[in-house]
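# Okay, sequence plus prediction incoming.
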Amino acid sequence: MTDFPHPNTKYPLNCGLEQTAFLKAVVTNPNIIVGDYSYYDDNEDDPANFEKHVLYHFDFLGDKLIIGKFCQIASGIQILMNGIWHNMNCFTTYPFSIFSKEISQKIPPDFYPTKGDTVIDNDVWIGMNVTIMPGVHIGDGAIIGTSSLVTKDVEPYSIVGGNPAKLIRKRFSDAVIKLLLEVQWWNWDIEKILSNIDVVLSNNVWKLKAIG
(Lines give C-alpha, C1' and ligand atoms only; values in the text may rest on other atoms or scores of the structure.)
Protein backbone atom coordinates (compact mmCIF):
# COMPACT_ATOMS: atom_id res chain seq x y z
CA MET A 1 0.00 0.00 0.00
CA THR A 2 1.11 3.57 -0.62
CA ASP A 3 2.90 5.08 2.37
CA PHE A 4 -0.06 6.76 4.06
CA PRO A 5 -0.46 7.25 7.83
CA HIS A 6 -2.70 5.06 9.95
CA PRO A 7 -5.85 6.88 11.21
CA ASN A 8 -4.60 6.46 14.77
CA THR A 9 -1.41 8.38 14.02
CA LYS A 10 -1.26 11.36 16.35
CA TYR A 11 0.71 13.79 14.16
CA PRO A 12 0.42 12.57 10.55
CA LEU A 13 2.01 15.40 8.54
CA ASN A 14 4.79 14.00 6.34
CA CYS A 15 6.84 17.17 6.95
CA GLY A 16 7.15 16.33 10.64
CA LEU A 17 5.26 19.36 11.98
CA GLU A 18 2.99 18.76 14.96
CA GLN A 19 0.30 21.33 14.15
CA THR A 20 -2.08 18.71 12.71
CA ALA A 21 -3.50 15.67 14.50
CA PHE A 22 -5.80 12.87 13.44
CA LEU A 23 -8.71 13.22 15.86
CA LYS A 24 -9.12 9.48 16.44
CA ALA A 25 -5.68 9.50 18.03
CA VAL A 26 -6.36 12.31 20.48
CA VAL A 27 -10.04 12.29 21.44
CA THR A 28 -10.81 10.55 24.74
CA ASN A 29 -14.38 11.64 25.50
CA PRO A 30 -16.74 8.72 24.69
CA ASN A 31 -19.40 11.23 23.65
CA ILE A 32 -17.17 12.48 20.82
CA ILE A 33 -17.20 9.98 17.96
CA VAL A 34 -14.77 10.52 15.08
CA GLY A 35 -14.26 8.69 11.79
CA ASP A 36 -10.95 7.74 10.19
CA TYR A 37 -8.56 10.41 8.87
CA SER A 38 -10.47 13.45 10.13
CA TYR A 39 -7.96 15.98 11.38
CA TYR A 40 -7.68 19.17 13.38
CA ASP A 41 -5.02 21.76 12.51
CA ASP A 42 -4.04 24.32 15.14
CA ASN A 43 -1.41 26.97 14.40
CA GLU A 44 -1.31 28.26 18.00
CA ASP A 45 -1.76 25.25 20.29
CA ASP A 46 -1.18 21.50 20.28
CA PRO A 47 -3.96 20.05 18.08
CA ALA A 48 -4.14 17.15 20.54
CA ASN A 49 -6.05 19.61 22.74
CA PHE A 50 -9.02 19.55 20.34
CA GLU A 51 -11.47 18.71 23.12
CA LYS A 52 -10.88 22.16 24.64
CA HIS A 53 -12.76 23.51 21.62
CA VAL A 54 -15.85 21.40 22.34
CA LEU A 55 -17.54 23.60 24.90
CA TYR A 56 -20.31 23.03 27.48
CA HIS A 57 -20.29 19.30 26.79
CA PHE A 58 -21.66 18.01 30.07
CA ASP A 59 -21.93 14.27 30.72
CA PHE A 60 -25.33 14.52 32.40
CA LEU A 61 -26.90 15.86 29.18
CA GLY A 62 -25.69 12.89 27.15
CA ASP A 63 -25.42 14.75 23.83
CA LYS A 64 -22.84 13.58 21.32
CA LEU A 65 -20.52 15.22 18.83
CA ILE A 66 -20.26 12.96 15.79
CA ILE A 67 -17.61 13.68 13.14
CA GLY A 68 -17.37 11.56 10.00
CA LYS A 69 -14.37 10.50 7.94
CA PHE A 70 -11.84 12.70 6.12
CA CYS A 71 -13.01 15.98 7.72
CA GLN A 72 -10.61 18.93 7.70
CA ILE A 73 -10.99 21.28 10.67
CA ALA A 74 -8.95 24.47 10.87
CA SER A 75 -7.61 26.37 13.85
CA GLY A 76 -9.93 28.19 16.23
CA ILE A 77 -13.00 25.97 15.93
CA GLN A 78 -15.61 26.41 18.67
CA ILE A 79 -18.23 23.65 18.85
CA LEU A 80 -20.90 24.58 21.36
CA MET A 81 -22.85 21.72 22.89
CA ASN A 82 -26.22 21.70 24.63
CA GLY A 83 -24.82 22.83 27.97
CA ILE A 84 -24.95 26.41 26.69
CA TRP A 85 -28.75 26.51 26.96
CA HIS A 86 -30.61 27.92 29.96
CA ASN A 87 -34.29 27.17 30.49
CA MET A 88 -36.20 30.29 29.41
CA ASN A 89 -39.62 29.03 30.52
CA CYS A 90 -38.94 29.57 34.21
CA PHE A 91 -39.05 32.75 36.27
CA THR A 92 -35.25 32.77 36.22
CA THR A 93 -32.72 31.49 33.72
CA TYR A 94 -30.11 31.00 36.47
CA PRO A 95 -28.78 27.38 36.43
CA PHE A 96 -29.07 26.63 40.16
CA SER A 97 -28.91 22.87 39.62
CA ILE A 98 -25.36 22.75 38.26
CA PHE A 99 -24.06 24.20 41.55
CA SER A 100 -25.99 21.92 43.92
CA LYS A 101 -26.47 18.15 43.89
CA GLU A 102 -29.48 18.52 46.19
CA ILE A 103 -31.21 20.89 43.75
CA SER A 104 -30.22 18.89 40.67
CA GLN A 105 -31.82 15.74 42.13
CA LYS A 106 -35.17 17.53 42.25
CA ILE A 107 -35.10 18.44 38.55
CA PRO A 108 -36.28 15.95 35.89
CA PRO A 109 -33.81 15.14 33.06
CA ASP A 110 -36.06 16.71 30.41
CA PHE A 111 -35.85 20.06 32.20
CA TYR A 112 -32.66 20.92 30.34
CA PRO A 113 -33.16 22.35 26.82
CA THR A 114 -31.48 20.36 24.09
CA LYS A 115 -31.14 20.46 20.32
CA GLY A 116 -29.83 16.89 20.13
CA ASP A 117 -26.49 15.62 18.84
CA THR A 118 -24.18 17.74 16.70
CA VAL A 119 -23.23 15.91 13.52
CA ILE A 120 -20.50 16.73 11.00
CA ASP A 121 -20.66 14.27 8.12
CA ASN A 122 -17.81 13.10 5.88
CA ASP A 123 -15.30 15.15 3.86
CA VAL A 124 -16.38 18.44 5.46
CA TRP A 125 -13.94 21.36 5.35
CA ILE A 126 -14.33 23.84 8.22
CA GLY A 127 -12.36 27.09 7.98
CA MET A 128 -10.62 29.01 10.74
CA ASN A 129 -12.47 30.44 13.74
CA VAL A 130 -15.82 28.84 12.94
CA THR A 131 -18.46 28.52 15.66
CA ILE A 132 -21.01 25.71 15.45
CA MET A 133 -24.18 25.82 17.53
CA PRO A 134 -25.68 22.75 19.26
CA GLY A 135 -27.68 20.24 17.28
CA VAL A 136 -26.47 21.37 13.88
CA HIS A 137 -26.06 18.76 11.12
CA ILE A 138 -23.43 19.57 8.48
CA GLY A 139 -23.81 17.38 5.39
CA ASP A 140 -21.22 15.44 3.43
CA GLY A 141 -18.76 17.51 1.41
CA ALA A 142 -19.85 20.87 2.82
CA ILE A 143 -17.45 23.82 3.18
CA ILE A 144 -17.81 26.28 6.07
CA GLY A 145 -16.17 29.66 5.48
CA THR A 146 -13.77 31.32 7.89
CA SER A 147 -15.30 32.97 10.99
CA SER A 148 -18.79 31.69 10.21
CA LEU A 149 -21.46 31.13 12.86
CA VAL A 150 -23.34 27.96 11.91
CA THR A 151 -26.80 28.10 13.48
CA LYS A 152 -28.72 25.63 11.30
CA ASP A 153 -28.23 22.51 9.22
CA VAL A 154 -25.99 22.68 6.15
CA GLU A 155 -26.92 20.70 3.04
CA PRO A 156 -24.38 18.28 1.49
CA TYR A 157 -21.82 19.89 -0.83
CA SER A 158 -22.94 23.40 0.10
CA ILE A 159 -20.57 26.31 0.67
CA VAL A 160 -21.80 28.53 3.50
CA GLY A 161 -20.38 31.58 5.23
CA GLY A 162 -21.18 34.58 7.37
CA ASN A 163 -22.82 35.37 10.70
CA PRO A 164 -25.18 33.63 10.70
CA ALA A 165 -23.86 31.33 7.98
CA LYS A 166 -25.87 31.40 4.75
CA LEU A 167 -25.65 29.46 1.52
CA ILE A 168 -23.14 30.95 -0.93
CA ARG A 169 -23.48 28.26 -3.58
CA LYS A 170 -23.51 24.52 -4.17
CA ARG A 171 -20.19 22.94 -5.06
CA PHE A 172 -21.64 20.83 -7.88
CA SER A 173 -24.84 20.30 -9.84
CA ASP A 174 -27.64 18.35 -8.16
CA ALA A 175 -26.88 15.37 -10.42
CA VAL A 176 -23.21 15.26 -9.41
CA ILE A 177 -24.10 15.70 -5.72
CA LYS A 178 -26.51 12.78 -6.02
CA LEU A 179 -23.75 10.65 -7.55
CA LEU A 180 -21.26 11.57 -4.82
CA LEU A 181 -23.76 10.72 -2.09
CA GLU A 182 -24.38 7.36 -3.77
CA VAL A 183 -20.72 6.52 -4.35
CA GLN A 184 -19.59 7.56 -0.83
CA TRP A 185 -15.90 7.29 -1.66
CA TRP A 186 -15.04 7.88 2.02
CA ASN A 187 -16.44 4.42 2.81
CA TRP A 188 -14.03 2.69 0.40
CA ASP A 189 -11.13 0.99 2.12
CA ILE A 190 -7.98 3.10 2.13
CA GLU A 191 -6.27 0.89 -0.47
CA LYS A 192 -9.08 1.54 -2.96
CA ILE A 193 -9.00 5.27 -2.25
CA LEU A 194 -5.26 5.50 -2.76
CA SER A 195 -5.28 3.37 -5.90
CA ASN A 196 -7.88 5.73 -7.36
CA ILE A 197 -6.45 8.92 -5.90
CA ASP A 198 -6.20 10.54 -9.35
CA VAL A 199 -10.00 10.31 -9.59
CA VAL A 200 -10.73 11.33 -5.98
CA LEU A 201 -8.55 14.40 -6.53
CA SER A 202 -10.31 15.34 -9.76
CA ASN A 203 -13.81 16.31 -10.86
CA ASN A 204 -14.05 13.67 -13.58
CA VAL A 205 -17.61 12.38 -13.22
CA TRP A 206 -17.20 9.62 -15.79
CA LYS A 207 -14.19 8.08 -14.09
CA LEU A 208 -15.94 8.25 -10.72
CA LYS A 209 -18.97 6.47 -12.15
CA ALA A 210 -16.73 3.77 -13.59
CA ILE A 211 -15.17 3.10 -10.18
CA GLY A 212 -18.28 3.50 -8.04
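Done, it's in. What you see is a predicted model, and the numbers here were worked out from it, not measured in a lab.
# most centrally placed residue in the chain?
With distances taken as CA atoms, centre = their mean, the chain has I120 as the residue nearest its mean C-alpha position (3.7 Å).
# That residue pairs with what?
Counting by DSSP bridges, I120 forms beta bridges with I67, I138.
# these two touch, right, it and Q72?
No. Between I120 and Q72 no contact is recorded; they are 10.6 Å apart, counting by CB atoms under 8 Å. The C-beta positions use only the backbone N, C-alpha and C, and glycine is treated the same way.
# who touches both of the two?
Listed as contacting both I120 and Q72 by CB atoms under 8 Å, 6 or more residues apart in numbering are I126.
# quick check, I33 in a strand?
Yes. Remark: I33 belongs to a strand, assigned using DSSP: H, G, I helix; E, B strand; the rest coil.
# what about the residue nearest to it when sequence neighbours are not counted, how many neighbours?
If the residues on either side of it in the chain are set aside, I33 comes closest to I66, at 4.8 Å by CB to CB, 6 or more residues apart in numbering. Counted with other CB atoms under 10 Å, residues neighbouring I66 total 15.
# so who does I66 touch?
Per CB under 8 Å, 6+ apart, neighbours of I66: I33, D117, T118, V119, I120.
# repeat that for 7 Å
Contacts for I66 (CB atoms under 7 Å, 6 or more residues apart in numbering) come out as I33, D117, V119.
# would you turn these into a markdown table with distance to N8 and pLDDT?
Converted to a markdown table, these look like this (distance: CB to CB, whole Å; pLDDT from 0 to 100):
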| residue | distance to N8 | pLDDT |
| --- | --- | --- |
| I33 | 15 | 98 |
| D117 | 24 | 98 |
| V119 | 22 | 98 |
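# tell me which of those is nearest to P7?
Taking CB to CB as the measure, P7 lies nearest I33 of the contacts of I66, at 13.4 Å.
# any idea how far V119 is from that closest one?
10 Å (CB to CB, to the nearest Å).
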